[in-house]
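In: Take this sequence and fold it.
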Amino acid sequence: MMKNLLRADIYRVMKSKLTLVALILALAFPVLIVLLYAGLGAIMDLDPEIAGTVTLFNANSIIGSAYSMTNNLGLVVPAFAGILVCLDYTNGTLRNKIIAGNRRTAVYMSHLTVSVLFSVVIITIYAAVTAGLALIFFPFDGADSPDLWKEILFFVLNGTMGFVFIATVSTFLAMVTRSVAPTLIFTIVITLVLLAVNTVLALADYHSFRYAAYLIPNFTANFFNLNSMSALGIMGQAAEESRGLMFAEGMLSYLFFGAVNTAAGIVIFNKRDIK
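Out: Numbers count the residues shown, from 1 in each chain. Predicted structure coming up:
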């Protein structure tokens, strides 16, 4: 039964115009951003006081922003994921699923799975295109680092898990509020508040707030971005043991809070009337 629900939901999302729009944005934004930076870089090179003295743009900084939830696509992905869930309410499909005898938990998990898949696929396409174009136009600092691939792995997994977590938030809001407007508003507000709090704590004193990862999801978003100007780099905490431990703590935080969101959403959804 769950397999049929999931297949139907995946098919519905694949046919949705929102998915097409998201794909277009995931391909268009990297082109616009990289070309913009390339143009700005060319203009800067024309100034003899700047040319040859400092590199304002490099592949690291551009690629490092790919998984940021405050960039051009970072808020679009979770917002679209929430809207796709809400559409099941507005068109009556969700009510029909319940009437057909599907368990509510299975219905919720199907929506959550599709939201996660949608978020991961779109942000992965966006990040891959961004990285490809950035490497064509700009140099990549630290290419000779023996830990480069490990850093890239940390960066990709941490960034991806951030969007998986936010997908659990947007799904929870969509299934509980049953309305597009509050889902959009609260998803964006929660995302921005978390990022703001995490940034302040990280820059204030890493050692004092390092265990914030156990209390605040997305705490590690500021530390794995391939950018030499990252919070971790600034504070001189780039030791192997520090990065590995922080990465593990971040993954546990994402999984724990994602599970809490999911459990709470299922409980509330099971008790709600479906009109």
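
In: how about the helices of this structure, start to end?
Out: For the chain, the helices defined by DSSP state H occupy 2-15, 17-45, 59-64, 76-90, 93-99, 104-137, 148-177, 180-204, 206-209, 231-234, 240-271.

In: Report the separation between the closest residue to residue 84 other than its chain neighbours and residue 131.
Out: Leaving aside its sequence neighbours, residue 84 sits nearest to residue 13 (C-beta to C-beta, 6 or more residues apart in numbering; 5.6 Å). Using the backbone N, CA and C atoms, a C-beta is placed for each residue, glycine as well. Residue 13 sits 25 Å away from residue 131, going by C-beta to C-beta, to the nearest Å.

In: can you check residue 21 too?
Out: From residue 21 to residue 131 the distance is 22 Å (C-beta to C-beta).

In: More neighbours: which of these two?
Out: Between residue 21 and residue 131, counting by other C-beta atoms under 10 Å, residue 131 is the more crowded of the two (21 against 12).

In: Please list all residues in contact with the more buried one.
Out: 59, 63, 66 (C-beta atoms under 8 Å, 6 or more residues apart in numbering).

In: Can you list the low-confidence ranges for the protein?
Out: Across the chain, the ranges flagged by pLDDT under 70 are 1, 41-57, 142-147, 202-214, 222, 226-242, 275.

In: Settle this for me: the residue nearest to residue 84 is touching residue 19, isn't it.
Out: Yes. Shown here, residue 13 and residue 19 form a contact pair, counting by C-beta atoms under 8 Å, at 5.7 Å.

In: what do those two both touch?
Out: 84, 118.

In: check contacts around the residue nearest in space to the middle of the chain.
Out: Closest to where the C-alpha atoms of the chain average out (C-alpha atoms, centre = their mean) is residue 163, at 2.8 Å. Residue 163 is in contact with 67, 69, 77, 78, 119, 120, 123, counting by C-beta under 8 Å, 6+ apart.

In: check contacts around the second one.
Out: Residues near residue 69 by C-beta under 8 Å, 6+ apart: 75, 78, 162, 163, 166, 191, 195, 218, 221.

In: List the residues that contact residue 270.
Out: By C-beta under 8 Å, 6+ apart, the residues touching residue 270 are 104, 105.

In: Next one: it relative to residue 3, how far apart?
Out: 21 Å.

In: next one: residue 262
Out: 19 Å.

In: more crowded one of those two?
Out: residue 262 (16 against 9).

In: Next one: the more buried one relative to residue 108, how far apart?
Out: 8 Å.

In: Next: residue 73.
Out: Using C-beta to C-beta, residue 73 is found at 26 Å from residue 108.

In: my read: residue 124 touches residue 164, true?
Out: No. Using C-beta under 8 Å, residue 124 makes no contact with residue 164, being 11.4 Å away.

In: What is the neighbour count of residue 181?
Out: When neighbours are counted by other C-beta under 10 Å, residue 181 registers 9.

In: now residue 263
Out: So residue 263, with other C-beta under 10 Å, has 11 neighbours.

In: buried sites along stretch 15-25?
Out: 16, 19, 22, 25 (16 or more other C-beta atoms under 10 Å).
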